[in-house]
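*Asks:* Dropping a prediction and its sequence here:
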Amino acid sequence: MTMQVEKLMHAVFFIAALVSIIAVALICIFLFANGIPAMREIGFLDFLLGQRWAPMNSPPSFGIFPMIVGSIYVTAGAIIIGVPVGVLTAIFLAKYCPAKLYRVVKPAIQLLAGIPSVVYGFFGLMVIVPFIRTYLGGSGYSILSASILLGIMILPTIIGVSESAIRAVPREYYEGAVALGATHERAVFATVVPAATSGILASIILGVGRAIGETMAVVMVAGNQARVPSSILQGVRTMTTNVVLEMGYAYGLHRGSLIATGVILFVFILMINLLFSVLKRRTNYGS
Amino acid sequence: MKKSLIVLLVGVLVACVARVGMAFDAGRDINVISREAGSGTRGAFIELMGIEAKTDEGTIDRTTVEAIIANGTDVVLASVANNPYAIGYISMGSLDERVKALKVDGVTPTQENIADGAYKVARPFNIAYKELSIVAQDFVDFIMSAQGQKIVSGSYIPVVEAESFTTNRPSGRIVVAGSTSVSPLMEKLQEAYAKLNPNATIEIQSSGSTAGMLGAIEGTCDIGMASRELSDAEKEQLTYLVMAQDGIAVIVNNDNPVDNVTSDQLRDIYVGDVTRWSL
């Protein structure tokens, strides 16, 4: 009897584990089965490196190079803004923050993680975009707006993972440094933080993943122009927003090209995850 | 120390708010707002304004690549309402007081001006089908009847002087799919029809004009909706009816002093030849 229950539960757990694998496999199959034929029809290089996106023209052009560049610019901007703030916040929370303040700051950061992205987008539309339009010029719908917004959005990820990485560094590192005469600052920044590098890097890569995949917030503040921008005050279209903007109306090759955009995005995410595991392995060997 | 910092911060904030309320600067760039490729409103607008160019190989949408792309009427409205330098276009039925509708060639976009053809930026709302079931036929009769056209006249321009509608209440289920611009009107029509004939179920799907026509051809929906003229290929395969006329309103921010725009200026703005508000 117990054996049977054991076996049954074994099967239940196995099926539960399979669900996520099946989901990933189905998504892969769907993406590639629909995206690859479209890419072939457009021409792989014309698709990847084409500068012109005009799906409704006849003959149409489907070049997603501006969107690839857009995704990279916006993500890079988010990292430049989000990483310093996030990592320093994590160091503060782990090593400097008084317990009383911690009880306020920590839940606030967790709340930041729970805000739906469309609300972030609305905030960006009402606050960041007019601010940039008034003080820096342009329309306000820009790489800068999207970067600032995404920089804020990736904070919880970076802070959360970095903080636990810093807390995971053995106490002896800090105590040893202090015993050798280092000040608190020196001990934290010269021994504890370097020891947590792999965790901090992990947090940054997770942040990159979140930023590159974000859609709803970006579509509201980025302007969505399908051309390679020449200034951070110009608008930009990312791969995610390209899909969400036009999917509702698309059919035929246009639809296929949007799914193919998804394929390229998927490849990007795959590369980021690969980089993540490579980095993690290397730092682990180092220590 | 802390106090002075707070005072400084508040000062900066107040200054920010004050500057947002600054006067309109005509030397600044026009922030052109367009809809996404495939939108029926965009299709109708570029065709009416001559932004679409015909070449030997086909047609080209010449809308400037610098145009901000907003994916929906609400987004265009919100963007223009918040941006003193923006210009956009939306279905006249969706117009509200947050924005200002420009006169085009001196003509105000009103229902009368569209009905008599004075306001040029107008387009038909079409319904198209292959074969109608009894319920679908009854619903189409209702749309084209005096009661149906009265609902149309709420925000749009009715197209026929029709007789009053009576139903023998057939039962069944039909799907109406297509243009996101037509579906708000279709929902009102459906509500009114449901009161007259509770036996029928009508499902409305907003998927875009082209998708609606495709659905009607392929038989995935009973009636397709389009907020533009049908293409020749679509006309060949479907029976279609104009159920209403809708104006496309060209909108700017309430702080914008411009009231009137000529169709040539409008075309130049959207093609990207004119970029400053000092028209």
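*Replies:* Perfect, thanks for sending it. A quick note: this is a predicted structure, and the numbers were derived from the prediction, not measured. Residues are numbered from 1 along each chain as shown, chains lettered A, B, ... in the order given.

*Asks:* For the stretch 1-150 of chain A, which residues are neighbours of chain B?
*Replies:* Counting by Cβ under 8 Å from any Cβ of the partner chain, the stretch 1-150 of chain A comes close to chain B at A:54-59, A:125-126, A:129-131, A:133-135, A:137-141. In this view, the C-beta of every residue, glycine as well, is placed from N, C-alpha and C.

*Asks:* the bottom helix or strand of chain A by mean pLDDT?
*Replies:* Between all helices and strands in chain A, the lowest mean by mean pLDDT, DSSP states H and E belongs to helix A:252-286, at a mean of 83.

*Asks:* Backbone torsions only: list them for the residue in the stretch 151-287 of chain A that chain B sits nearest to.
*Replies:* Proximity of the stretch 151-287 of chain A to chain B (Cβ to the nearest Cβ) peaks at residue A:249, 3.0 Å away. With angles defined as degrees, to the nearest 10, residue A:249 sits at phi -110, psi -10.

*Asks:* re earlier: can you list which of the residues of the stretch 1-150 of chain A next to chain B are found in helices?
*Replies:* Mapping those onto helices (DSSP state H) picks out A:129-131, A:133-135.

*Asks:* ok, so of the residues you listed, who is nearest residue B:86?
*Replies:* The shortest separation between residue B:86 and any of those is 9.7 Å, and it belongs to residue A:133 (by Cβ to Cβ).

*Asks:* Do I have it right that the closest one meets residue B:79?
*Replies:* No: when contacts are counted by Cβ atoms under 8 Å, residue A:133 is not listed as touching residue B:79 (11.2 Å).

*Asks:* helix, strand or coil for residue B:244?
*Replies:* Using DSSP: H, G, I helix; E, B strand; the rest coil, the structure places residue B:244 in strand.

*Asks:* number of nearby residues for it?
*Replies:* Residue B:244 has 26 neighbouring residues, counting by other Cβ atoms under 10 Å in any protein chain shown.

*Asks:* Please apply the same query to residue A:280.
*Replies:* 15.

*Asks:* now swap in residue A:175 and tell me
*Replies:* With other Cβ under 10 Å as criterion, residue A:175 counts 12.

*Asks:* In a helix, it, correct?
*Replies:* Yes: assessed with three-state DSSP, residue A:175 lies in a helix.

*Asks:* which residues touch it?
*Replies:* By Cβ atoms under 8 Å, 6 or more residues apart in numbering or on different chains, no residues touch residue A:175.

*Asks:* Report the separation between it and residue A:245.
*Replies:* Residue A:175 sits 55 Å away from residue A:245, going by Cβ to Cβ, to the nearest Å.

*Asks:* Could you find the residue nearest the spatial middle of chain A?
*Replies:* With distances taken as Cα atoms, centre = their mean, residue A:210 lies nearest the centre of chain A, 2.1 Å away.

*Asks:* Can you point out the helix or strand that includes that one?
*Replies:* Here residue A:210, judged by DSSP states H and E, is contained in helix A:197-213.

*Asks:* Just name whatever secondary elements that helix is in contact with.
*Replies:* Counting by 3 or more Cβ pairs under 8 Å, 6 or more residues apart in numbering or on different chains; DSSP states H and E, the packing neighbours recorded for helix A:197-213 are helix A:65-95, helix A:143-153, helix A:155-168, helix A:252-286.
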